[in-house]
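> Task: produce atomic coordinates for the following.
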Amino acid sequence: MARPGALRCAALALSLAAAWSSECVDEHTECPGWAADGECRRNGAWMRTHCVRSCGGCDPLAVRAALLGEGAYSVHVGRLQNPTGRSHRRDYHPLHAAARCNATRACLGFSMQTARRAGASPYGVEVARVEFGFAPSGAAVNETLGWVSFLKRGGGGGGGGWAEAQTAAYHLRAAELLLEEGARGARGAVAHADAALAAGGAAASAYLLRGRAQLRLGGGAAAAADAAAGLAAREGDEACGALRRVAEAYADAMEAGAALEARRQWADAAERYGAAAAAVEGEGEPAALLRALCRAQLKARRYGEAAGWCGRAAEASPADVDVLLRHVDARWANGEEHAALQLLKAALVRLRRHDRVEEVRDKALELEDLIKSRRKVDYYQHLGVPRSASAAEIKKAYHALAMKWHPDRAAGDEVGKHEEMFKKISAAYEILGDKDLRSRYDAGEDVEAVLFSQGQQAAHDEL
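So this is what the prediction gives:
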């Protein structure tokens, strides 16, 4: 077989139009020998296309060195603004794309669509699509995750450390973009910050981004540690100092809240979790914090607040069935029965493959039955109290209404109206003023039938 030097011109004249495979393999058995003879350096375009493994194309660090060189290309998060020609939807190896672009003077750079894995190297071999830029006005990149672009720099001149600095900057920008997505992008931001640190660049910035991401994941102590590391890397850094104070305040408040929860001091726990929320305002709301506030407010019987926090927790953790059920309970207890039922119906569609979907379906059927039973008489409405009212509040409402509507306080045509209202108030208090009957009524049981049965039994006992 002819040596690669004899084939180089023909390969470049065809602009490497052959369908290149993304597999990290050599196309010729002679590739290892050619590489050992220095052909990867002398005939880089051909060798990196056809002898990928032997020229180091399977190693991201080697790919980085080959792509960026000493300033040959710069690397960016995103996609070329005006790619020219069709998108190549076949899998390309990054070195194949570079070889094609290098073979054409007018090529300004190329973009690769990659698997969006947290912290993924921009020099990986798994590429779903490649686009090339030939715009006469120059190349620009639209920042978007899932794409990486390489732009030609003309005369090179990157100098030592160019590849490392470019790689670190790429990962830092990816981490920033992921943080803009809120808690959803936090894990990816941690991975990209780790990659930036591994590349050896901008330690303080990387620690700051990782700390902010850790905070959004609920790791107050981890965030404080990263902020401290950032301060060690760049003494007096204001952003790292501010993050450290926020993270420590959040961690302290969460720890205090958990201790109060363990002692079943729900209202106090909710207050401490509220302090944690105030500490991280502007930095995103960790899912763990939202779950804690939902749980504590519900246990404290603050149903309005619980409904709000549980709703935010459910939005942050849409597959968490426990959060969903707490949200439903909070809405129900807050008097939003139909809204609670709709939450379950929507979840049945969203979670149809979840291993707890039957539990959600049973809860929906239970609420449907309760709503049907409550269409008969709403005793809470008769007394003008919410379903979350305490026994003392129910008693107070009853006495106030009984005094207002007692028949002895009426005259003339008003007597009948007062008698009717007094009966309704008395019937409501007979149910809600009894702990057992109220519990059975809240569960949807026909308590009127229970009272009737008790009356029948009492009459029988008197005989």
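> Could I get the full set of strands for this structure?
Secondary structure of the chain (DSSP state E): strands at 73-77, 79-80, 84-88, 109-114, 127-133, 141-142, 147-152.
> Which pLDDT value does the model give the residue lying closest to Gln113 once chain neighbours are set aside?
Distance criterion Cβ to Cβ, 6 or more residues apart in numbering; nearest residue to Gln113, sequence neighbours excluded, is Arg129 at 4.1 Å. Quick note: C-beta positions are derived from backbone N, CA and C, even for glycine. The score at Arg129 is 78. That number is its pLDDT.
> which one of the strands of the chain lies closest to Ala206?
strand 73-77 (15.1 Å; Cβ to Cβ).
> what's the angle from that closest one to strand 109-114?
In terms of direction (axes from the mean of the first three to the mean of the last three Cα atoms, to 10 degrees), strand 73-77 departs from strand 109-114 by 40 degrees.
> From the chain's centroid, how far away is strand 73-77?
Relative to its chain's centre, strand 73-77 lies at 27 Å (Cα atoms, centre = their mean, to the nearest Å).
> Does anything pack onto it? Which helices or strands?
Helices and strands touching strand 73-77, by 3 or more Cβ pairs under 8 Å, 6 or more residues apart in numbering; DSSP states H and E, are helix 60-68, strand 147-152, helix 162-179.
> Report the contact partners of Ala193.
Ala193 sits next to 171-172, 175, 206-207, 209-210, 213 when contact means Cβ atoms under 8 Å, 6 or more residues apart in numbering.
> if we go to 7 Å?
Applying Cβ atoms under 7 Å, 6 or more residues apart in numbering to Ala193 gives the contacts 175, 206, 209-210, 213.
> Please name the nearest non-neighbouring residue to it.
Per Cβ to Cβ, 6+ apart, closest to Ala193 is Arg210, 3.6 Å.
> that older thread, closest to Gln265 out of the strands of the chain?
strand 73-77 (47.2 Å).
> angle of the closest one against helix 162-179?
Going by the same axes, to 10 degrees, strand 73-77 makes 10 degrees with helix 162-179.
> about what we covered before: report the two of the contacts of Ala193 separated the most.
Ala206 and Ala213 (10.7 Å).
> Spatially central, which residue of the protein would that be?
With distances taken as Cα atoms, centre = their mean, Arg184 lies nearest the centre of the chain, 2.3 Å away.
> and the gap between that one and Ala287?
Distance, Arg184 to Ala287, by Cβ to Cβ, to the nearest Å: 10 Å.
> do Ala213 as well
13 Å.
> cool, and Asn334?
22 Å.
> so where's the stretch 251-400 of the chain shaky on pLDDT?
For the stretch 251-400 of the chain, the stretches with pLDDT under 70 are 374-376.
> Could you rerun that using 80?
Applying pLDDT under 80 to the stretch 251-400 of the chain flags residues 372-377.
> how about the helices in it?
All helices of the stretch 251-400 of the chain, identified by DSSP state H, counting those that start in this stretch, fall at 266-279, 287-299, 303-316, 321-333, 337-350, 357-374, 379-383, 391-405.
> Please identify the most buried of those.
helix 287-299 (a mean of 24; mean count of other Cβ atoms under 10 Å).
> How far off centre is that one?
The chain centroid and the centroid of helix 287-299 are separated by 17 Å under Cα atoms, centre = their mean.
> from here on, count from 16
Yep, numbering from 16; the last one is helix 302-314 now.
> Next, the angle from that helix to helix 336-348.
Calculated by the same axes, to 10 degrees, helix 302-314 forms an angle of 40 degrees with helix 336-348.
> got the angle for helix 302-314 vs helix 281-294?
150 degrees.
> Contacts only, for His421.
Contacts of His421 by Cβ under 7 Å, 6+ apart are 433, 437.
> could you dump the helices and strands packed on strand 88-92 to CSV with distance to Arg260 and mean neighbour count?
Formatted as CSV, the helices and strands packed on strand 88-92 follow (distance: least, Cβ to Cβ, whole Å; neighbours: other Cβ atoms under 10 Å):
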stretch, distance to Arg260, mean neighbour count
helix 75-83, 38, 19
strand 162-167, 36, 24
helix 177-194, 19, 22
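> looking at these, which is closest to Ala406?
Here helix 177-194 is closest among these (Cβ to Cβ), at 48.4 Å.
> Could you list every helix and strand that the closest one packs against?
helix 75-83, strand 88-92, helix 201-214, helix 218-231 (3 or more Cβ pairs under 7 Å, 6 or more residues apart in numbering; DSSP states H and E).
> Single out the most deeply packed of the ones you listed.
Counting by mean count of other Cβ under 10 Å, the most buried of the helices and strands packed on helix 177-194 turns out to be helix 218-231, with a mean of 25.
> Do me a favour and average the pLDDT over that helix.
94.
> Can you list the neighbours in contact with it?
Residues outside helix 218-231 that contact it (Cβ under 7 Å, 6+ apart) are 187, 190-191, 194, 197-198, 201, 204-205, 208-209, 211-212, 237-238, 241-242, 244-245, 248-249, 252, 254-255, 258, 262, 265, 295, 298-299, 301.
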